[in-house]
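Colleague: give the three-dimensional model of this entry:
(chains A and B)
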Amino acid sequence: MFGRDEKVSAIRLTAAQYVILGIFLMLAYGLWRLQVMQSDFYSLAAEKNRIRNVPVLAPRGKILDREGRTIVDNYPSFSALMMRDSSRDLNGDADLIAQGLHLDPNEVRARIRRFALMPQYQPIFLKEDITPDELQFIEAHRNELPELDTIMSHRRLYPRNGFMAHLIGYVGEVSEDMLNMPQFELYNAGDVVGISGVERQYNTMLMGTNGSRQALVDSHGREVGRLGETEAIPGKQLRLTVDIDLQIAAEEALAGKNGAIVAMDPRTGEILAMVSGPTFDPNDFAVHVSRDQWNKLVTDPDKPLLNKAIQAQLAPGSTFKIIMSVAGWQEGIAQTLHVNCTGGAEFYGRRFGCWVKGGHGEVTLEKAIYQSCDVFFYTLAEKLGIDRIAKYATELGLGQKTGIDLPNEVSGVMPSEEWKIRNFKQKWFAGETISVGIGQGAVAITPVQLLRAISAISMGGRMVVPHVINPTDMPPGYVEAQHYTEVKNVPIDPNGWNFITDAMSRVLLPEGTAPSAHIPGIDIAGKTGSAQIVSLATRARFKNSEDLAQNGWFVGFTPRRNPDIVVCVLFQGGEHGKLAARLATQVIKAYVDKQRRVPQKMVEKPKGDGTVDIGGLWTDPDSDGDKQTLQGGRFVLDLPKKPLALATAAPGIQE
Amino acid sequence: MSRYVSYRDFDWILLAFVLVICGMGVMEIHSATMHTKFAGAHVRQIYWVGAGVGAMFMMSLINYQALLDQIHWFYFAAVGALMAVLVFGQKYLGARRWIKMPGGNHFQPSEWVKLILILAVAKYFAEMRQRELSWADFMKAGAIVGIPMLMVLAQPDLGTALTYVPIAVMGVFLGGLQWRQGMLVALAAAIGIGAVFYVPKVHVLKSYQKQRLTSFIDPELDPQGSGYQVEQSKIAVGSGGLWGGKGSQTHGAFLPVPQTDFIFAAFSEEHGFVGALGILLLYFIVLMRLTQNAQTAPDRAGTFVVMGVVAVLSFHILVNVGMVVGFMPVTGIPLPLMSYGGSSVLFMFLALGMVMNVRMRRFVN
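Modeller: Take a look at the predicted model:
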């Protein structure tokens, strides 16, 4: 028993003091461990927390035409995103946000939910490439909706309505497969690279080098300062050999049709225009292409994604007769050959008809060319034999890639005895040679191959490599560009090619196969062709089915001697070569008019219906390099009232 | 009796140290809330400290022995208030902790119950007649603290409930706990805690509480939850180094609530190991000074009152600083005297007022 005043045990009080001392020593050890022993580790962690490397995207180089006019430019594109910080009730704001950004409120809520478990500093991407009024909405609601923010990036602005789409190509995020290819191995997932066309071919030049910025961020990922910055090196601009004026003429000529038009300077190989139809709008791919849209493009029987100028492999039809003529001349057969055409002839026990049922009568080489007499060339083919035909055709580049600087060129086929044995393990039948004589049978070429071959003949055997850039414009040491200046000389007897090209110049005269394409005052030498897709017998069974219509061809150049432009037209389903010839002469006329300084309809103001504006943003041709500013000048074309085929290929462009 | 009471016996040295700690707290609150929506909190904290000092003087004037004589009424009032919270309390974030008072104020009784418990425990042990603690005494003392503690747990507010434990532990220990009893109780506590965590059918702790308690063991497992807070706190403390650093964790808002629960992390980041150790030293001096006052108390009850305050203060420091350096789970217990917050400051100064009260009457007999 002890009293109320008895003291508490002093030992226990002292023990309590020691316990407290123990606690403090432990806490001091905790501080020592973090602040002295592991200080470096945690300092680094703190740095990592607050410094973020933000890539500074290099703008892609512009693409210009041969006169420096901008074809492809970049535009600032804004994406709307939601910062998940602060005490905002994001779900409560979802309705207003969805309304302002034209989204589905439930979709917005779903996205907020999906991001709930992600780190706070990761913003939610709400919408890419927002419209100006959506951007305006975000700016106007800075106070009410502080969680909304935007980021800017440069996007490609392509000419509209698929103008020049195949040649230019488009860009997209580098795919898994592409990263495995050697040419893309240095890129990272998410990088935007050229997927097709020159965008792909000259990707390394156009792309530039991304920089990076060390940003100081707070725990919400908001930038609160900057440490350092390595600047982005913008991509170099790429000047094409294409002439927009000519390209417009070609686009206009092929508008609404299937096929391809290629124009080239036969002296240098510079491509002046290249169109493939139907086309697609690469702007649709710039942001996000929907699955439906993509499937539609891929499954379209007219193959809008194919650049038919370099990827269509088709029988050249009668245009092949020029190659036959050269072969025959060089072998000394054609110049003395006389054939009496009665509308057909029998070879190897089978009758081969001429396209003129009544026959051409007495035919020599000259008439055979401008009247396109089949019987003459059947006979010539029989005399030459397949291997001699193949020898000259191969020398002129048929059945091989031309080496044009565009991706995915195809080689086509130039048959020979050896080819047949190698591919079919079968002997060549002499009868097959007869069809080859008029560009049918197993011969399959691309428009650009034909263009190059005819160009070489027009230049007396001087064969160039087609290309779309000027090799001397390229940065020093750009090896890829070197071989575009290479020239191959195919030996052709000058009398021979003079005779043949003279005969070709009568094709557009009243006695030729395409008098309707004649343009007074312009001396055009050319050759029409119409190639069967299926045999005439098959075609007779499916009467007038459009799918089985013949392909029209025309290849021609001007002037007849020392030409400076050669044009090849493939008009699929064009039935007869004279229709193709009309398209070609439109392009040639535009070229000649420009040479003769006839006023151009290059830049026009919109003027109501019937005009379709196909340009993008244009800059002053005189300005050069980085000082260019975006200008709103649009360039407008009168197009046929007929709905454009591209409208079906790229929905949404017609408003 | 009051003629023996003199402010010459007021512990001015203790008050000086306490005010230095408060000053450090105000500085750090200023630094941590600069450019945030809490900017200006340090000024309000100064008001609270001023109010606290005033409350402390008032408290020191009321004879603690008179208070102890009436403590059972206070105790019933405390239990009644906690009951009222459970019945009429405002539900906020899944817990009922507040009573809405007329005039729009919110009142959280569980904080003030601590003061009453210190007195109640002191009273109980002061009147105990044996030198050694019997099981019956042990149970009664446990019940005095246990009843309000269970009511606070039911709110649920684990953090505050836990702060009641050291009052009981200190009382029982100074009251004459025997070694055997101590061992048995420790064993029972260990089994109890194990059961709460590892037996799935025992739902004493809410899952978020369990997660808070477990995540500190491996903060990386849950980097965005309470583990994230522990991790960010450790980064803040560690990056402070020996002499302190830029404070990017605090100012970049990586450190959660740097003005309240994590104020010690913010201070350690900006003032380094030297600064943090200095603060610990200040607290240690305060605690030692308090213990000294307990030894010189005029009676057993006075000793128990002062040691109850020591127990609560030590426990807060242990849990808060332990949390900041990654030894303890995130429990939401502020650091007394430094953390921003009116009720925390007022509670601490009222507790100190009781200590002063005891000290000023040390020569009464």
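
Colleague: endpoints of stretch A:335-352, how far apart?
Modeller: 23 Å (Cα to Cα, to the nearest Å).

Colleague: same question for that stretch: list its buried residues.
Modeller: Within stretch A:335-352, the residues scored as buried using 16 or more other Cβ atoms under 10 Å in any protein chain shown are A:Gln335, A:Leu337, A:Val339, A:Cys341, A:Gly344, A:Ala345, A:Phe347, A:Phe352. For the C-beta atoms, the positions are set from N, CA and C on the backbone; glycine is no exception.

Colleague: contacts for it?
Modeller: A:328-329, A:353-354, A:356-365, A:368, A:373-376, A:378-380, A:382-383, A:429-431, A:434-435, A:496, A:499 (Cβ atoms under 8 Å, 6 or more residues apart in numbering or on different chains).

Colleague: swap the cut-off to 7 Å and go again
Modeller: Here stretch A:335-352 makes contact (Cβ atoms under 7 Å, 6 or more residues apart in numbering or on different chains) with A:328-329, A:353-354, A:356-365, A:373, A:375-376, A:378-380, A:382, A:430-431, A:434.

Colleague: tell me the gap between it and the middle of its chain.
Modeller: Taking the mean of its C-alpha atoms, stretch A:335-352 sits 44 Å from the chain's own mean (Cα atoms, centre = their mean, to the nearest Å).

Colleague: average pLDDT across that stretch?
Modeller: The average pLDDT within stretch A:335-352 is 90.

Colleague: same deal with stretch A:411-430?
Modeller: Per-residue pLDDT values across stretch A:411-430 average out to 89.

Colleague: would you mind measuring the gap between the ends of that stretch?
Modeller: One end of stretch A:411-430 sits 24 Å from the other (Cα to Cα).

Colleague: closest one of the buried residues of stretch A:335-352 to chain B?
Modeller: A:Phe352 (80.6 Å; Cβ to the nearest Cβ).

Colleague: so that closest one, which of the three states?
Modeller: Recorded secondary structure, A:Phe352: strand (DSSP: H, G, I helix; E, B strand; the rest coil).

Colleague: which regions of the stretch 1-150 of chain B lie under the pLDDT threshold?
Modeller: B:1-5, B:91-96, B:101-106, B:129 (pLDDT under 70).

Colleague: how about a cut-off of 90?
Modeller: Along the stretch 1-150 of chain B, the model assigns pLDDT under 90 to residues B:1-11, B:32-41, B:60-67, B:81-112, B:125-142.

Colleague: that one: strands as residue ranges?
Modeller: Remark: strands assigned in the stretch 1-150 of chain B by DSSP state E, counting those that start in this stretch are B:90-92, B:95-100, B:106-107.

Colleague: helix, strand or coil for the closest residue to B:Arg361 other than its chain neighbours?
Modeller: Leaving out its chain neighbours, the residue that sits closest to B:Arg361 by Cβ to Cβ, 6 or more residues apart in numbering or on different chains is B:Pro298, at 5.3 Å. Judged by three-state DSSP, the three-state class of B:Pro298 is coil.

Colleague: B:Pro298 touches B:Met360, doesn't it?
Modeller: No - applying Cβ atoms under 7 Å as the test, B:Pro298 and B:Met360 come out as separate, 9.7 Å apart.

Colleague: just give the closest residue to the residue of the stretch 201-350 of chain B found nearest chain A, not the sequence neighbours.
Modeller: Residue of the stretch 201-350 of chain B nearest chain A, by Cβ to the nearest Cβ: B:Gly238 (2.4 Å). Nearest residue to B:Gly238 in three dimensions, chain neighbours excluded: A:Tyr42, at 2.4 Å (Cβ to Cβ, 6+ apart).

Colleague: not counting the helix or strand where A:Glu252 lies itself, show me its contacts.
Modeller: Taking DSSP states H and E as the definition, A:Glu252 sits inside helix A:244-254. With Cβ under 7 Å, 6+ apart as the test, helix A:244-254 has contacts from A:65, A:69, A:71, A:163-164, A:261, A:263, A:272-273, A:275, A:277, A:583, A:586-587, A:590-591, A:594, A:600, A:602, A:637, A:639.

Colleague: just give the nearest non-adjacent residue to A:Gln550, would you?
Modeller: A:Gln550 sits nearest to A:Ser530 (Cβ to Cβ, 6+ apart), 4.6 Å away.

Colleague: check A:Gln99 too.
Modeller: A:Pro105 (7.6 Å).

Colleague: wait, what's in contact with A:Trp329?
Modeller: By Cβ under 7 Å, 6+ apart, the contact set of A:Trp329 is A:Gln335, A:Asp493, A:Gly496, A:Ile500.

Colleague: so which of those residues belong to helices?
Modeller: Counting by DSSP state H, the contacts of A:Trp329 place A:Gly496, A:Ile500 in helices.

Colleague: out of the contacts of A:Trp329, who's nearest chain B?
Modeller: Nearest to chain B among the contacts of A:Trp329: A:Ile500, at 78.9 Å, using Cβ to the nearest Cβ.

Colleague: per-residue confidence for the closest residue to that closest one other than its chain neighbours?
Modeller: The shortest distance from A:Ile500 to any non-neighbouring residue, by Cβ to Cβ, 6+ apart, is to A:Ser325 (4.9 Å). Note on A:Ser325: pLDDT of 95.

Colleague: now swap in B:Val312 and tell me
Modeller: 95.

Colleague: is any residue of stretch B:31-45 near chain A?
Modeller: No - Stretch B:31-45 is not in contact with chain A by Cβ under 7 Å from any Cβ of the partner chain; minimum separation 9.2 Å.

Colleague: what comes up buried for that stretch?
Modeller: Across stretch B:31-45, burial judged by 16+ other Cβ under 10 Å covers B:Ser31, B:Ala32, B:Thr33, B:Phe38, B:Ala41, B:His42, B:Gln45.

Colleague: hey, where'd the helices end up in chain B?
Modeller: B:12-33, B:41-61, B:64-69, B:71-88, B:109-126, B:135-153, B:158-174, B:179-198, B:207-215, B:226-240, B:248-251, B:263-295, B:300-324, B:342-360.

Colleague: with respect to A:Pro476, which of those lies nearest?
Modeller: Of all those, it is helix B:248-251 that lies closest to A:Pro476, at 46.1 Å by Cβ to Cβ.

Colleague: neighbouring contacts of that closest one?
Modeller: A:46, A:49-50, B:32, B:232, B:235-236, B:239, B:255, B:258, B:266, B:269-270.
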